[in-house]
Every structure is written in C-alpha cells, then in structure tokens.
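Trainee: take a look and give me a structure for this.
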Amino acid sequence: MIFSVSCSRAPAFAPLALVAALSTVFNSSVFAQDEADKALTPVVVTASRFANDPALAPIGAAVISAGEIRGAGIDNVNEAVRKLGGVYGRQSSYGTQDYELDLRGFGTNSSQNMVVLVDGIRLSENELTAPLLSSIPIDTVERIEIIRGGSSVLYGDGATGGVIHIITKRGTTTGTRGSASLEIGSFNHREARASVMTGWEGVALDASASKMKSDNYRDNNAVTLENFSGGAQWTSKEGRAGVRVDVSRQDSRLPGALTLAQFNANPRQANTPNDYASLDTNRFTAFVERRLGEWDAAAELSHRERKASAFYDMGSYGTSMVKYDTKQTQFSPRLRKLSTSGGVTNEFVAGLDFTHWNRVTDSASSKADATQNSRAVYLRDEVKWGNARIAAGVRHENFDKDSVDPVPYTKATYSKKQSLNAWELQGSYALAPQATVFAKAGRSYRVANVDENALTALANEPLKPQTSNDLELGATFGDKAKKLTVRLFQHRLHDEIFYDPTVGYYGANVNLDPTRRRGIEIEGSLRLAPAWMVNANLQHVQATFTDGPYAGREMVMVPKNTASARLSWLPGSGQSASVGAQWASEQRYGGDFSNTCSARIPSHLTFDARYAQKIGQWEFALVGANLTNRHYFSNAYGCASGIYPDAGRQLKVTARYDF
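Mentor: Numbers count the residues shown, from 1 in each chain. Okay, the predicted model is just below:
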C-alpha cells in the first residue's frame, strides 16, 4: 500500500492558516461552557499517540514530571533526561548543554537511533545533528515520557533505541499565573527566564522566554542562547485546537578537540581559538483534536526552519565557512476508536505521517540541494481486559531521496526510493495489584540521513536502510512508595549505518555486518520516610558485531555500564534538597573500530546537589554540578585523541518568583 503526497516548501504562516480553518469545527458552545467543562481532565500521551487515561499509558515507559524537574533544580530538558531519566549522555562537539543522548548503546550514532518529539512533532532531523533540547523552555514542560526500545510503528525512522517525548503544559483554563527567575553561576553563567499563562471561557494563552549567556568550561566556548515559546488554544468538551510558535537563537564558540596529552595538561584549553557557529530555529505548529461520534480525530501540522552556519580557521590551509538552510514540514492526521463492552476495552488507531524535508548547503566544498519526502501509514490495536493488555501494530513507509551537488569530486548526487515495514506485538499482565509483567517484540528501521549519504564508499550511492529485530521482557513491582522496573532487551541489527574509519583513506559511512545490542535496565524508587525519596537507574549493555570479519568485537563509545541515583528531601516546610550521582564505566575510543587501541575512555563518577528555600512567593536555590571537580571526558573520536572534555565543577544561585 503506497500513499503519495505533493509537498512544497510551506510558508511560515501555514500553521496559522490551518488553525483558522480548523477553528470552524468548534461551535460557539466553547465560549459558553459551564465551569465544570472548562477544566482539562488529567491525561497522558499514550503509546497510541492519543491522550488517554493512565490505565493505557505506554507499557514499560518512564515518566519525569514537572515537579521532579523543579525539585532537582534542573534548568534544561537535556539535563532532565540524563539526571532524572537515567539516559546516558556524552559531551557534544559544541561543548554546550545539549549532550548527545544514547538509549541502549548506539554510540556515535545514538541521536540517529532514537526519536525526540515535542507534543507529537519530531525534533529529530535528517542530518547528523542531535535535537536541540535546550531550545525548549523548561518552564513549558509538563512531563517527559521515555519509551525505550523499538517504536517504529508509531514513530517511524530512527526509533530503534526508543522515543523521548516532551509534553508541554496545556495552559490554564481560568485566571493568570506565571513565574520569573534569575540565575548566576560559575564560568560567568547568567540566565533569565519568565513564563505566563492565562485563560478564560475555554481560551488559554501562554508564553515563555529565556536568555542564557555563559563562557562555559573551556576557552573559546562561550554561548548565547535565546528562546521563546508561545501558544494559544481553544478547548471544549468536544475537543481542542491551537497554534504554537517556538523560536531559538544560539551563538557559540567552538574550542575543538584535544589529544590525551593536551587534556592531561589543561582540559580547559582550546585548539581552535577562532572557530564559531550559530543555529537559528523557527518552529510553527497547529493542532486539532475533535470527537466525531464514536471516533476521536487528531492532526498536527508543523513547519520548521533551521539556519546553521560555522566558521573554521584551518591555519595554513585557510578558512572555511559552511552554511545550511533547512526546512521541514510534517502533517500527521490520525483516527481512534475507543470502546468498552463487557469489561473489555479496545483502542484502534489508524494514522498517516507525511514529511517533506529540504536542505541547501553553501560552502566551498559543497553546494548540495538535498530533499527527502516520506509517506507512511500505520495501524495499531490494543485490547485490555481484566489484568491483561495486548497491542499489535504495523507501519509501511516510503522514502524518496534526491540530492544534487554541482561541486566536483563530491559524492552527494543521487536519486533513490526506499520502502520499509515495521511491526510490533506487546502485552502486559498484572499478576497482583503491585506486580506486572510485560513483553515486546517487533521490527524497527532507519534510513541513512543526508550527511551519511554524502560520504559513502561508493560515490553517489546512498546506503541501504538499517533494520532491527527487537525483543524486550520486563516486570514492574510496587507502587508510588516503592517501585522497581526491570527490562531485558535485545536488538539484532542488519545493515547498521555507521562511520567506519578503516574504509578508504579518510573513512566512510557504510552498512555494517550484523550487530547486536543486548542488556538489562533497572529503574527503582523508594520512599524512605515521608520526606525522603530515592530514585535510581542502572543499565548494562553489550554492543558487538555478531558476524563478518569483526565478529565478537565491541562497538565504539558504548559504556557497558551506566548508573544514576538521586536522593530527595521534601519536608513540606518550604525547604527542599536533593543530591544525585552519575556513573559510566570505561568505553572504547570512537576511532577504535578494530578494537586495537591500547587505551580506553576512563570511567567517571560525578555528583550534583541542590538546596532551596521558599519564602512567600519567592524561592532561592543553590545548585552544584560535578561537585568533586572531576576532570573527565565522555566523547573522543580518535585513539587517545579527538577529545571533548566535560565541564568541571559549577555552582549556580537562583532566585524565582511565582505569581
């Protein structure tokens, strides 16, 4: 079954025009509801991509609430996923807050093997860049859902490692509330944030803005980040519709990589004192949800514009300026029928995903104009009866990839069509009120992005799609006071897309021989006393080749063991405190593809803490990260070289006013 759609570069006002049309489905009763109808029912975004009762929450998922984020003193989404969600992260080459997140041990390609969404809209790009989570104002976040493991049926390309879904606050239905905060800290860190929400007669408006400046830990690594997010929505008992605008501006200096000798001598030094980069993003989104008889209908239309540039000073080799102009439009309509009969609840979902992506490159070495169109259809059905749940789903997706690069000797001119299928079968059973077992099996996939296809062993020949056979077994025990979740997982990959430094003179992106990720994840929480709570996450993963000349060798930049823990104190007296720890075992350097480098990236253990005191509407907090001032690194692309150091000890003081 193949679906086609004609896509063009959508203007920035496209989502606003859509909402103007969608608003006609709401009758005048939205402005004349009773007070009982104005209140929004608490919901969760389920594995079906619809808001629903918590009883149908994603099987085996982890949820981070806004209260947990606030209590830990975390001021960006990336940090919340790492420190509260137990997701391993490695320092990016930018040296900023946006660590490269890694679900289930995918190393240097971790960002390409998970999907990041904001309110159902993909942030993941068709290029070798990590989603910029720091562009999401932290005060807008209601919760973060982390779904580990293959999820391509609902989310398509790149969801083998899992999905990180950020759900923003839906505004207040009556009255006005907001907050403002100021923060200063080490490395000349300064940040100001403000947010406000107001609502009346079924209408809700919200806006958040922030500006951060920091010199960061290393020389020539100063960053300036400005964010704005604003939305409007109309709500009735029949549904809701709205628009959102998100704007982000980031300017950063680039310190470059170090050798191990340079790191040991001075981890703060810069190797590229003149390099810099900028990243500007505009995101426009419109959404609608509507009850149509026995069916629920929903759709999102999103248009994203991203302009990136970087300047590199190569000394005697001259200088280089690279510019990227990227546009992406996504349209995702879907239907759901939720019915209950004789104690059996059935949820059937059918949806379409259409995406048009285009990037124009401007540099001395490339003038590539690349486009990717994708069209997908998916079906999913879940049945819940008694203590049991069973869900099954399928997805079919087509990709059209086109790229033209007139610069001589490039490898980025091609036209390719690719077609992929995904499936999943999962279920759970409550053995007792506080004991549930679950299992998942499926097939997920990803296609090579534009950067990977621009550097292949065969000129102008895109890589084959990557597929994975996924399996997971798990159990959850306990309640809110004490809870333990254990998962055993395995991913068997064919044609894994990866950079192989041993191919050719400079290396190339290739389809690997069969590989495997398998391991165990443990999540636990325990209320030690009314005011004391401890949370912990542990992951053990083996990432290896299973066939070919590299059979048995380890994949690079994948720590076998990672762990995080947090102790929180909330006595209810206006005071609060927490202390956390993050640990990762040693791992192979990124350039050690043949497993011959005698050195390894060392293991590291870091601690952070926060203490806060509320006085009326004010809250004052002291936050510390890497308290022992550990000198370490989590990202290194060569054997004892290509090192991007992590930050040393940092202290911050915050004042916040709520109204």
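Trainee: helix or strand for the spatially most central residue of the chain, just tell me which one.
Mentor: Central residue check for the chain by Cα atoms, centre = their mean: the C-alpha nearest the mean position is that of residue 116, 3.3 Å away. Applying DSSP states H and E as the criterion places residue 116 in strand 115-118.
Trainee: tell me where the stretch 101-250 of the chain is predicted with low confidence.
Mentor: Applying pLDDT under 70 to the stretch 101-250 of the chain flags the ranges 171-173.
Trainee: next, the buried residues of the strand ranked longest in the chain.
Mentor: Longest strand in the chain by number of residues, with DSSP state E as the criterion: strand 319-341. For strand 319-341, burial by neighbour count (16 or more other Cβ atoms under 10 Å) applies to 322, 324, 326-332, 334-336, 338. Bear in mind the C-beta positions are built from the backbone N, C-alpha and C, glycine included.
Trainee: quick one: list the elements packing against that strand.
Mentor: On a contact count with 3 or more Cβ pairs under 8 Å, 6 or more residues apart in numbering; DSSP states H and E, strand 319-341 meets strand 121-122, strand 295-313, strand 344-362.
Trainee: related to what we said a few turns ago, how far is the strand holding residue 116 from where the chain is centred?
Mentor: Its chain's C-alpha centre and that of strand 115-118 lie 5 Å apart, by Cα atoms, centre = their mean, to the nearest Å.
Trainee: who touches that strand?
Mentor: Here strand 115-118 makes contact (Cβ atoms under 8 Å, 6 or more residues apart in numbering) with 122-124, 131, 133, 136, 151, 155-159, 162-166, 168, 246.
Trainee: with stretch 523-543 instead?
Mentor: 62, 84-86, 88, 104-107, 480-486, 515-522, 554-555, 558, 560-572.
Trainee: for the closest residue to residue 334 other than its chain neighbours, give its distance to residue 60.
Mentor: Leaving aside its sequence neighbours, residue 334 sits nearest to residue 351 (Cβ to Cβ, 6 or more residues apart in numbering; 3.1 Å). Note on residue 351: its distance to residue 60, by Cβ to Cβ, to the nearest Å, is 22 Å.
Trainee: between these two, which is the more surrounded one?
Mentor: Legend: neighbour count by other Cβ atoms under 10 Å for residue 351 and residue 60, higher for residue 60 (26 against 21).
Trainee: hang on, that one packs against residue 473?
Mentor: No - contact criterion Cβ atoms under 8 Å: residue 60 and residue 473 do not qualify, at 9.9 Å.
Trainee: residues shared between the contacts of the two?
Mentor: 438, 487.
Trainee: and the pLDDT for residue 615?
Mentor: With respect to pLDDT, residue 615 has a value of 96.
Trainee: inside strands: which ones of the contacts of stretch 523-543?
Mentor: Those of those mapping onto strands are 62, 88, 482-486, 515-522, 561-569, per DSSP E.
Trainee: name the nearest residue to residue 189, ignoring sequence neighbours.
Mentor: Nearest non-adjacent residue to residue 189, counting by Cβ to Cβ, 6+ apart: residue 214, 4.3 Å away.
Trainee: residues in contact with the one you found?
Mentor: 185, 187-191, 222-223.
Trainee: residue 625 too?
Mentor: Residue 625 neighbours (Cβ under 8 Å, 6+ apart): 606, 608, 647, 649-650.
Trainee: same check, this time on residue 631
Mentor: Residue 631 touches 263, 267, 645, 648, counting by Cβ under 8 Å, 6+ apart.
Trainee: helix, strand or coil for it?
Mentor: Three-state assignment for residue 631 (DSSP: H, G, I helix; E, B strand; the rest coil): coil.
Trainee: out of the contacts of residue 214, which one sits closest to residue 315?
Mentor: residue 222 (21.6 Å; Cβ to Cβ).
Trainee: does that closest one touch residue 212 like I think?
Mentor: No - using Cβ under 8 Å, residue 222 makes no contact with residue 212, being 11.1 Å away.
Trainee: so where's the protein shaky on pLDDT?
Mentor: Short version for the chain, where the test is pLDDT under 70: 1-47, 53-56, 95, 171-173.
Trainee: which stretches of it form helices?
Mentor: Here the chain has its helices, by DSSP state H, at 14-22, 35-38, 66-71, 77-83, 152-155, 260-265, 450-453.
Trainee: could you verify my assumption that residue 410 touches residue 365?
Mentor: Yes - with contacts counted by Cβ under 8 Å, residue 410 reaches residue 365, the gap being 7.3 Å.
Trainee: which residues does the residue nearest to residue 189 bridge with?
Mentor: residue 223 (DSSP bridges).
Trainee: do the same with residue 483
Mentor: In this entry, residue 483 is beta-bridged to residue 478, residue 525, by DSSP bridges.
Trainee: hang on, isn't it packed against residue 477?
Mentor: Yes - contact status for residue 483 versus residue 477: in contact at 7.0 Å, counting by Cβ under 8 Å.
Trainee: more crowded one of residue 410 and residue 365?
Mentor: Using other Cβ under 10 Å as the criterion, residue 410 and residue 365 rank with residue 410 on top: 19 against 12.
Trainee: and the more buried one, what are its phi and psi?
Mentor: In terms of degrees, to the nearest 10, the main-chain angles of residue 410 are phi -80, psi 170.
Trainee: ok, it to residue 455 distance?
Mentor: On the measure of Cβ to Cβ, residue 410 and residue 455 end up 9 Å apart.
Trainee: shared neighbours, the two?
Mentor: In contact with both residue 410 and residue 455: no residue, using Cβ under 8 Å, 6+ apart.
Trainee: can you give me phi and psi for residue 589?
Mentor: According to degrees, to the nearest 10, the main-chain angles of residue 589 amount to phi -60, psi 150.
Trainee: hang on, it packs against residue 600?
Mentor: Yes - Residue 589 is within contact range of residue 600, at 7.1 Å (criterion: Cβ under 8 Å).
Trainee: quick one: which of those two has more around it?
Mentor: Per other Cβ under 10 Å, whichever of residue 589 and residue 600 has more neighbours is residue 589, with 21 against 16.
Trainee: who are the contact partners of the more buried one?
Mentor: By Cβ under 8 Å, 6+ apart, the contact list for residue 589 reads 556-557, 597, 599-601, 636-642.
Trainee: would you map the strands across the stretch 551-659 of the chain?
Mentor: Along the stretch 551-659 of the chain, counting by DSSP state E, counting those that start in this stretch, strands occupy 561-569, 575-584, 604-615, 618-625, 633-638, 641-645, 650-658.
Trainee: appreciated, that's everything.
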